[in-house]
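Asker: Structure for the following, please:
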Amino acid sequence: MSIHFSTPNLQQEDGEYYPRGWKKDSKKSFSRNMRGSFVDILNRSVSGGIIGCYLEPGLPVYYINQNMLDYLGYEYGEFEKATGNLIVNCIDPGDWAQMEHIIDTAMKENKEYAVRYRMRKRDGSYIWVSDIGKKSWDEKGVPICIGVVRDITDEVVMKRRLEQESLQRQRQAEEYSHIFNSVFCGIVQYRMDRQGGVKFEKANLEAIRIFGYTPEEFWTKENWDLSNLIVEEDRTKP
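Answerer: All right, here's what the predicted structure looks like:
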């Protein structure tokens, strides 16, 4: 995100954003105020949660907005008391090491990070969140990370449900295939056109053996004629 500011000033020349005569102290004061304003603007512009953390062990909280507190079911005083104002205390222990590593690496490289993890709510249940953020500095110039957090619990639950259903269908198909190829009789499924041509959709190993083919020969053969698959003396039987 970039922000452009211009101010009218008698000392300001063409092409300048700020007059050269600006004092360094004024610039530092303006920069500190802008960091606070940036967080305020971000808070009012983003529908999700926002968490700011100091880059210290446990990630002490620098800032947390009301949307984030609502996600977790806390008022700020309750959150502070329950977590000691440390983000580590509201992250699922199984997700903490990976989350910490991803954020730490991004901060050292001054890059944006994106990570998913579980956060513990006030009632003890957990939500899945997506956290995207980057490095910044507080009003005193201390490094922090600011992350925009979104509740993705429904997305994760739906994805896992679809994966489980897909796995179940795969297992059922494997069981069906095992039964299909284990019985001691031929089983086929085919379609026949008006000219008597046959296209096999399915055939078990026993059926292929009865027809006198190897599986490779059977499935590569085209232009099947149903009458040729029936013993000649049986072709006219009702």
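Asker: Relative to the lengthiest strand in the chain, what are the paired strands and their orientations?
Answerer: Counting by DSSP state E, the longest strand found in the chain is strand 126-137. Strand 126-137 has its sheet partners listed here by DSSP bridges as strand 113-120 (antiparallel), strand 143-151 (antiparallel).
Asker: Any buried residues in the first one, and which?
Answerer: Applying a neighbour-count criterion of 16 or more other C-beta atoms under 10 Å, one finds Y113, V115, R116, Y117, R118, M119, R120 buried in strand 113-120. (C-beta placed from N, C-alpha, C; glycine too.)
Asker: got it, and the last one?
Answerer: Buried positions in strand 143-151, judged by neighbour count with 16+ other C-beta under 10 Å: I144, C145, I146, G147, V148, V149, R150, D151.
Asker: For the chain, give me the ranges with low pLDDT.
Answerer: 1-47, 180, 234-238 (pLDDT under 70).
Asker: circling back to that earlier point, among the strands paired with strand 126-137, which comes closest to Q195?
Answerer: Across these, Q195 has its closest neighbour in strand 113-120 (57.7 Å, C-beta to C-beta).
Asker: Quick one: distance of the closest one to the chain centre.
Answerer: 10 Å (C-alpha atoms, centre = their mean, to the nearest Å).
Asker: With stretch 106-119 instead?
Answerer: Taking mean C-alpha positions (C-alpha atoms, centre = their mean), stretch 106-119 and its chain are 14 Å apart.
Asker: Can you pull out the residues in contact with it?
Answerer: Here stretch 106-119 makes contact (C-beta atoms under 8 Å, 6 or more residues apart in numbering) with 55, 71-72, 90-92, 94-96, 98-99, 102-103, 105, 126-135, 143, 145, 147, 152, 156.
Asker: Quick one: buried ones out of these?
Answerer: Buried among these by 16+ other C-beta under 10 Å: 55, 71-72, 90-91, 95-96, 99, 102-103, 126-131, 133-135, 145, 147, 152, 156.
Asker: Just send the strands paired with strand 126-137 back as TSV, with distance to Q195 too.
Answerer: Below are the strands paired with strand 126-137 laid out as TSV (distance: least, C-beta to C-beta, whole Å):
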stretch	distance to Q195
strand 113-120	58
strand 143-151	60
